[in-house]
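# pasting the structure only:
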DNA sequence: GTGCGATGTATCGGTCCGATACATCGTGGT
DNA sequence: ACCACGATGTATCGGACCGATACATCGCAC
């Protein structure tokens, strides 16, 4: 999951570790607390070894800014490679059980702007299926096995059930939205500052549909 | 977390691994999918080594029920020890940052029937604090940094924000309920003799509302 | 002038998951 | 009569991720 997220973020701009973590936290803040350096750095190492990204010590900068006495050491900047972009496209397109779990779904969803519509629909429907099953499990529990559990556990289940119902409704809405063609999609590639023109994979058109 | 959950469940009755997993899944179904054997068995081994539980191969059963031709092999039954109960009491009473995270809070909450009211309140308030902070982070993101994120990511944040708001409301309700006094606590130590009797702890949610 | 929080890189031990292997039992289909 | 299949049951292995920790620099407020 981290691999996917890192590759996705580095496609917008090269970054160093600290920055990456902040962006990661911003983008995934709704689904997980904060990425630990204990996972981030080893993963970066792994990605570098696999050739998906390259790391370069940030130093020169034409040497005219700072007299190099207080040279910024450290500050390793990671850049995605062409193979890395391929890898990302492959990861983002493939769906499976782990795509429908809480974390997996969240990460995939966060990169929906870089996902083609067919895949988006597959993921949304798979997630809905998963949540519906969880919901049924909780309903059964609250129905049949209620007397075996104490009041607090029941309250927890009830709250969980409600969350499932809400999420299913949310997903229905998103699915309907996708099908109807007007998806909330701002293609948004890394060109914000007017540099690094790169073809965002298949950003399904119909851009610019602001939500109320 | 698993340690706490296992100790808590074994306090209700001795069980073997498979059964334990099922009960665990039932009790924690609202917060996590299913406990993997890859965590369960090593944890049981660890608990046994620490002396919190004892394991015994289930076999004899007075030999009058089944002719022993189809002897059930395997079937290791785990029983909590006195030290294990102490350990559980210690774990359930101590609060900290990890108690307020999604999983930690869920597990603690699931055993609120075995937790004293002061601790329950501390946990509920700590959790509320944590969620409020997450909520504020999401609000800031949706306010200030909105233009930096694509529509899908924003939608994810919005959904997460809503979930936070709902949970805070839920927690407020639970806290008010705890404070209002009707919470017998039920220390509930030995469970000598009969299982199956339901010394029902406090009722957290009273009259539930029907949905509009 | 100094303490302190943000920035920054990095490792280590430990928890937990997913895949896998293997064995038994009862049930129902062919 | 046979056997396929799902539930029951125990167990291990590699890998992903976290939490704590260590260390160094920078700018700023007191």
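That came in fine, so what should we check first? Computed from a predicted structure; not experimentally measured. Residues are numbered from 1 along each chain as shown, chains lettered A, B, ... in the order given.
# list the buried ones in the helix ranked longest in chain A?
Across chain A, the longest stretch assigned as helix under DSSP state H is helix A:151-179. By 16 or more other CB atoms under 10 Å in any protein chain shown, the buried positions in helix A:151-179 come out as A:151-165, A:167-168, A:170-171, A:174-175, A:177-178. Just so you know, the C-beta spots here come from the backbone N, C-alpha and C atoms, and that holds for glycine as well.
# right, is it up against chain B?
Yes: applying CB under 8 Å from any CB of the partner chain, one finds helix A:151-179 in contact with chain B at A:151-153, A:155-161, A:163, A:166, A:170, A:174.
# give me the neighbour count for residue A:48.
16 (other CB atoms under 10 Å in any protein chain shown).
# over to the one 4 residues further on?
Burial measure for residue A:52: 24 neighbouring residues, criterion other CB under 10 Å.
# where's it relative to residue A:44, distance?
According to CB to CB, to the nearest Å, residue A:52 and residue A:44 sit 10 Å apart.
# what does residue A:135 give?
Taking CB to CB, one finds residue A:135 at 38 Å from residue A:44.
# and what of residue A:85?
17 Å.
# for residue A:105, same thing?
Distance from residue A:105 to residue A:44, by CB to CB: 24 Å.
# cool, and residue A:123?
Taking CB to CB as the measure, residue A:123 falls 26 Å from residue A:44.
# how is chain A carved up into domains?
A:1-93, A:116-184 (automatic domain parsing).
# ok, now which ones touch the residue nearest the centre of chain A?
Among the residues of chain A, the one closest to the centroid is residue A:107, at 2.6 Å (CA atoms, centre = their mean). Contacts for residue A:107 (CB atoms under 8 Å, 6 or more residues apart in numbering or on different chains) come out as A:1, A:4, A:5, A:28, A:31.
# quick check, nearest of those residues to chain B?
Nearest to chain B out of those is residue A:31 (CB to the nearest CB; 6.7 Å).
# so who does the closest one touch?
A:102, A:103, A:106, A:107, A:110, B:156, B:160.
# backbone phi and psi for the closest residue to the last one other than its chain neighbours, please?
Read it as residue B:160. If the residues on either side of it in the chain are set aside, residue B:160 comes closest to residue A:30, at 2.8 Å by CB to CB, 6 or more residues apart in numbering or on different chains. Note on residue A:30: its backbone torsions stand at phi -80, psi -20 [degrees, to the nearest 10].
# roughly how far does residue A:30 sit from residue B:161?
Distance from residue A:30 to residue B:161, by CB to CB: 7 Å.
# what touches both of those two?
residue B:138.
# compare residue A:85 and residue A:44 (neighbour count), which wins?
Comparing residue A:85 with residue A:44 by neighbour count (other CB under 10 Å), the higher total belongs to residue A:44, at 23 against 17.
# list the contacts for the closest residue to the more buried one other than its chain neighbours?
Sequence neighbours aside, residue A:78 is the residue nearest to residue A:44 in space, at 6.2 Å (criterion: CB to CB, 6+ apart). Residue A:78 makes contact with A:6, A:10, A:14-17, A:20, A:44, A:47-48, A:53-55, according to CB under 8 Å, 6+ apart.
# quick one on the thing from earlier: of the contacts of residue A:31, which belong to helices?
With helices taken from DSSP H, the overlap with the contacts of residue A:31 comprises A:102, A:103, A:106, A:107, A:110, B:156, B:160.
# could you measure from the fourth one over to DNA strand D?
Meaning residue A:107. Noted for residue A:107: a distance of 8 Å to DNA strand D, by CB to the nearest atom of the strand, to the nearest Å.
# residues in a beta bridge with residue A:80, which ones?
With DSSP bridges applied, residue A:80 shows beta-bridge pairing to residue A:53.
# that one: how many residues sit nearby?
By other CB under 10 Å, 25 other residues sit near residue A:80.
# show me the contacts for it.
With contact set as CB under 8 Å, 6+ apart, residue A:80 has these partners: A:7, A:10, A:11, A:14, A:52, A:53, A:88.
# and the residue of chain A closest to DNA strand D?
Using CB to the nearest atom of the strand, residue A:38 is the residue of chain A that sits closest to DNA strand D, at 1.7 Å.
# now do whatever helix or strand that residue lives in: which elements does it pack against?
According to DSSP states H and E, residue A:38 maps onto helix A:37-50. Applying 3 or more CB pairs under 8 Å, 6 or more residues apart in numbering or on different chains; DSSP states H and E, one finds that helix A:37-50 contacts helix A:2-10, helix A:17-28, strand A:53-57, strand A:76-80.
# check the offset of the third one from the chain's centre.
It stands for strand A:53-57. Remark: strand A:53-57 is offset 22 Å from the chain centroid, using CA atoms, centre = their mean, to the nearest Å.
# packing partners for that strand?
Strand A:53-57 sits against helix A:2-10, helix A:37-50, strand A:76-80, with contacts defined as 3+ CB pairs under 8 Å, 6+ apart.
# cutoff 6 Å now
strand A:76-80 (3 or more CB pairs under 6 Å, 6 or more residues apart in numbering or on different chains; DSSP states H and E).
# now the strand it packs on: average pLDDT?
In this model, strand A:76-80 has a mean pLDDT of 95.
# and it, anywhere near DNA strand C?
Yes: applying CB under 7 Å from any atom of the strand, one finds strand A:76-80 in contact with DNA strand C at residue A:76.
# in the lowest-mean-pLDDT helix or strand in chain A, what's buried?
Using mean pLDDT, DSSP states H and E, strand A:53-57 stands out as the lowest-scoring helix or strand of chain A, at a mean of 90. Burial within strand A:53-57, assessed by neighbour count using 16+ other CB under 10 Å, is assigned to A:53, A:55.
# same deal with stretch A:125-136?
A:126, A:127, A:128, A:130, A:131, A:134, A:135.
# isn't residue A:152 up against residue B:112?
Yes: counting by CB atoms under 6 Å, residue A:152 does reach residue B:112; the two are 3.9 Å apart.
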